[in-house]
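Peer 1: Quick check, what structure comes out for this input:
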Amino acid sequence: NAFPAGVFRCADGFVIPGTVRPIDWTLQCKLYGLPELEHDPRFDRRSRFENRDALRALVQPWYDARKKREIFSAALETGWAGESALLPAHRATSPVDTGEV
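Peer 2: Numbering: from 1, shown residues only. This next block holds a predicted model:
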């Protein structure tokens, strides 16, 4: 029932936010610029998944405004778990395939 989780659209593809540890939620709220969400009763650990549509509506603009690398870098800098998602359509342009870093 962890959320945000799954695949989120971003400016240049998709990312997977990790919300496994309690600290991940705290870090995400700060990164989103929405620290008040951390203590919003709709989004406490037990209620967050059932209110996921409302939460996604609040945080999706943050993802839409950022590219995968920016989101991944923010995750690394803060210690938050996150990853970019590669879909089959991205394979031909993936940095892994082209040798780019």
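Peer 1: CA only for contacts and neighbour counts going forward, please
Peer 2: Will do.
Peer 1: quick one: the strands in the protein?
Peer 2: 8-10, 13-17, 82-85 (DSSP state E).
Peer 1: Quick one: list the elements packing against the first one.
Peer 2: Using 3 or more CA pairs under 8 Å, 6 or more residues apart in numbering; DSSP states H and E as the contact criterion, the neighbours of strand 8-10 among helices and strands are strand 13-17, helix 52-64.
Peer 1: about what we covered before: lowest mean pLDDT across the strands of the chain, which one is that?
Peer 2: Mean pLDDT is lowest for strand 82-85 out of these, coming in at a mean of 58.
Peer 1: Tell me which residue is most central in the protein.
Peer 2: Of all residues in the chain, the one closest to the mean position by CA atoms, centre = their mean is P17, 3.3 Å from it.
Peer 1: Quick check: which of the helices and strands packed on strand 8-10 is nearest to K30?
Peer 2: Taking CA to CA, helix 52-64 is the member of the helices and strands packed on strand 8-10 nearest to K30, at 11.4 Å.
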